[in-house]
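Novice: fold the following.
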Amino acid sequence: MLELGEINVFGTGAGPWHLTDRVMWLIMGCSSLMGDRRILEALEVREHQVRLPLAYGDQLGPAIEGAPKPLGILVSGDVGLFSLAQRVCGLFPHRVRLFPNVSSLQLMASRLKRSWANVPVISVHGRPPLEALELRRFLWGRPEGAVLLGRPQDVRETLLRLGELVRPDVTGHLGWDLGTPREQVFHGGLDQLAHLPYTGNLSILWLSAGPQGFFGEQSLSCLPPGPMDDSAFQRLQRVPMTKSPVRGLVTGLLQPLWGARILEVGTGTGALTCELARQAGPGVVVSIERDPEAMELARGNLERLGLALGVHLVGGSAPLDLRGTFDRIVIGGHGGALEDVIRWARDLLVPGGRVLVPCVLARSGPRALQALEEADLKCGMTRLFPTWGRPLGGDWMAEGMNPVDLVWGDLT
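Specialist: Numbers count the residues shown, from 1 in each chain. Reported below is the predicted structural model:
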């Protein structure tokens with residue numbers, strides 16, 4: 001049987017018309033109501049019932065504690081979907097009762113005649129713009145996903161940002177004010193939806209992937225097993241390329257890479273960049289390159305192999321200002337400033353992360369090892385004398401490559 005507690009959180013769906021008579025009776029029985037002005041104004045005014053604005057941040061707890069009881073807190077949608085209810089329960093774990101309702105996700109699914117049971121949902125309401133890594137982890141390998149959008153004035157910017165992070169054949173249904181007389185649902189590409197003149201109060205975006213997925217992930221199964229052959233990459237003679245057997249060991253020493261945030265210093269041809277992006281899957285690779293011609297070469301290789309959406313190319317020389325931290329860092333090109341780059345990289349590494357330095361020059365390996373030790377990292381190294389086999393006269397011939405030192409340090 002429904003009855004009031006001391007603190008009550010009511011999901012109001014799309015508005016008071018989504019409330020049952022019994023729940024409306026309970027709301028009207030509260031000594032005070034707290035909620036968004038739009039919701040409060042839609043309710044009948046009762047004598048002696050105190051109406052309070054919704055408090056945020058550190059003010060929420062004291063506002064609830066000081067309100068006359070029983071208190072009703074009114075939230076839009078359902079109490080279980082990105083709702084303030086969870087914060088209230090955390091503040092007052094034994095004093096709260098929840099009253100559910102219909103969410104915008106359920107309403108959108110019903111309009112599209114689809115199930116919402118396994119659709120991932122993310123909210124950008126009241127949050128900073130979506131980062132590429134968060135979006136890739138959220139949508140990777142999924143056929144659909146839903147985004148609860150923020151303020152009406154921010155919807156266009158959010159749609160344009162999403163359009164930059166996914167394939168151009170991704171489409172969406174944009175729903176405004178679902179469940180109200182002002183309800184509108186539009187369908188199209190993200191750029192098309194971003195430039196629609198219509199707006200409202202509340203919106204949700206239902207995304208649908210194209211044949212290759214949201215990020216081209218379906219095409220990754222077409223790539224050959226193991227490290228890609230050197231012939232897969234376009235090259236310029238003066239731009240260095242990490243050879244296939246070395247790439248295989250480098251990525252092996254950096255495992256696990258799936259879903260990781262990776263920094264590469266020295267993009268070069270983009271061969272290692274492609275390998276890192278492929279193995280990171282929903283993760284993100286940030287790659288720094290000072291040579292504009294090399295950067296364009298790498299960009300072309302990434303785009304041709306369907307890996308460009310997982311890589312952010314940055315022009316310049318390390319050390320430079322970057323936002324955030326990284327799970328794995330590979331230092332290839334350092335322009336002679338190896339020690340400075342290692343100290344800078346150490347500050348960008350998360351606990352449990354690894355910095356790896358491939359070294360082809362005789363003095364670079366010892367220098368890297370010393371700098372990693374001085375950075376208080378747990379170090380290791382291996383020296384490779386790679387060879388690569390090729391058919392010759394009905395047999396095979398092993399051709400030697402340059403020796404390589406792989407030096408790494410772990411932040412424990």
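
Novice: where's residue 23, which helix or strand?
Specialist: Assigned by DSSP states H and E, residue 23 belongs to helix 21-28.

Novice: of all the residues in that helix, which ones are buried?
Specialist: Buried residues in helix 21-28, counted by 16 or more other Cβ atoms under 10 Å: 23, 24, 26, 27. Backbone N, C-alpha and C define where each C-beta goes, glycine included.

Novice: same check on stretch 206-223?
Specialist: 206, 207, 208, 209, 212, 213, 214, 215, 216, 217, 220.

Novice: just flag the most distant two among the buried residues of helix 21-28.
Specialist: 24 and 26 (7.3 Å; Cβ to Cβ).

Novice: roughly how far out does stretch 14-27 sit from the chain middle?
Specialist: 37 Å (Cα atoms, centre = their mean, to the nearest Å).

Novice: tell me the confidence at residue 6?
Specialist: On the pLDDT scale, residue 6 is placed at 94.

Novice: sorry, wrong one. I was asking about residue 173.
Specialist: Looking at residue 173, its pLDDT is 98.

Novice: same deal with residue 373?
Specialist: pLDDT, read off for residue 373, is 96.

Novice: that one: what secondary structure?
Specialist: Recorded secondary structure, residue 373: helix (DSSP: H, G, I helix; E, B strand; the rest coil).

Novice: what's the burial count for the nearest residue to it once chain neighbours are set aside?
Specialist: The shortest distance from residue 373 to any non-neighbouring residue, by Cβ to Cβ, 6 or more residues apart in numbering, is to residue 379 (5.5 Å). Neighbour count of residue 379, defined by other Cβ atoms under 10 Å: 16.

Novice: where does pLDDT dip in the stretch 1-150 of the chain?
Specialist: Applying pLDDT under 70 to the stretch 1-150 of the chain flags the ranges 1-2.

Novice: distance between the ends of stretch 312-322?
Specialist: Using Cα to Cα, to the nearest Å, the end-to-end distance of stretch 312-322 comes to 12 Å.

Novice: dump the residue contacts of residue 100.
Specialist: Each residue near residue 100 by Cβ atoms under 8 Å, 6 or more residues apart in numbering is listed here: 11, 78, 79, 80.

Novice: would you list every one of the helices in the stretch 251-400 of the chain?
Specialist: With helices called from DSSP state H, counting those that start in this stretch, the stretch 251-400 of the chain shows them at 271-280, 292-304, 338-348, 364-374.

Novice: and the contacts of the third one?
Specialist: Counting contacts by Cβ under 8 Å, 6+ apart, the residues outside helix 338-348 that touch it are 263, 265, 318-319, 322, 324-326, 329, 331, 334, 355, 357, 364, 367-368, 371-372, 375-377, 409, 411.

Novice: any idea how far it is from the middle of the chain?
Specialist: 25 Å.

Novice: any idea of the mean pLDDT in it?
Specialist: Helix 338-348 shows a mean pLDDT of 95.

Novice: send me it as CSV with only the CA atoms.
Specialist: Only the C-alpha atoms of helix 338-348 are listed here, as CSV (Å, rounded to 0.1, in the frame of the first residue of the first chain):
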residue,chain,number,x,y,z
LEU,A,338,64.4,12.5,-24.0
GLU,A,339,64.8,13.2,-20.2
ASP,A,340,62.5,16.2,-20.3
VAL,A,341,59.9,14.2,-22.2
ILE,A,342,60.1,11.3,-19.8
ARG,A,343,59.7,13.6,-16.7
TRP,A,344,56.7,15.2,-18.4
ALA,A,345,55.2,11.8,-19.3
ARG,A,346,55.5,10.5,-15.8
ASP,A,347,53.2,13.4,-14.6
LEU,A,348,50.6,12.4,-17.1
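
Novice: quick check: buried residues in it?
Specialist: Across helix 338-348, burial judged by 16+ other Cβ under 10 Å covers 338, 339, 341, 342, 344, 345, 346, 348.

Novice: for residue 301, see how far away the fifth one is.
Specialist: Think residue 344. Using Cβ to Cβ, to the nearest Å, we find residue 344 at a distance of 27 Å from residue 301.

Novice: kindly report the same for the fourth one.
Specialist: According to Cβ to Cβ, residue 342 stands 27 Å off from residue 301.

Novice: leaving out chain neighbours, which residue sits closest to residue 91?
Specialist: Nearest non-adjacent residue to residue 91, counting by Cβ to Cβ, 6+ apart: residue 61, 4.9 Å away.

Novice: please name every helix or strand in contact with the helix or strand where that neighbour lies.
Specialist: Using DSSP H and E, residue 61 falls within helix 60-66. Contact here means 3 or more Cβ pairs under 8 Å, 6 or more residues apart in numbering; DSSP states H and E; on that basis helix 60-66 packs against helix 85-91.

Novice: from residue 400, how far off is residue 392?
Specialist: In terms of Cβ to Cβ, residue 392 sits 14 Å off from residue 400.

Novice: then residue 96?
Specialist: Counting by Cβ to Cβ, the gap from residue 96 to residue 400 is 70 Å.

Novice: between the two, which one's more packed in?
Specialist: Applying other Cβ under 10 Å to residue 96 and residue 400 shows that residue 96 carries more neighbours, namely 20 against 9.

Novice: in the sheet, who's paired with the more buried one?
Specialist: Here residue 96 sits in beta bridges with residue 7, as judged by DSSP bridges.

Novice: correct me, but it touches residue 7?
Specialist: Yes: in terms of Cβ atoms under 8 Å, residue 96 counts as a neighbour of residue 7; the distance is 4.8 Å.

Novice: shared neighbours of those two, which are they?
Specialist: residue 88.

Novice: how about the nearest residue to the residue positioned nearest the centre of the chain, chain neighbours excluded?
Specialist: Taking Cα atoms, centre = their mean as the criterion, residue 134 is the residue nearest the geometric centre of the chain, at 1.0 Å. The shortest distance from residue 134 to any non-neighbouring residue, by Cβ to Cβ, 6+ apart, is to residue 122 (7.6 Å).

Novice: repeat that for residue 31.
Specialist: Nearest residue to residue 31 in three dimensions, chain neighbours excluded: residue 68, at 4.0 Å (Cβ to Cβ, 6+ apart).
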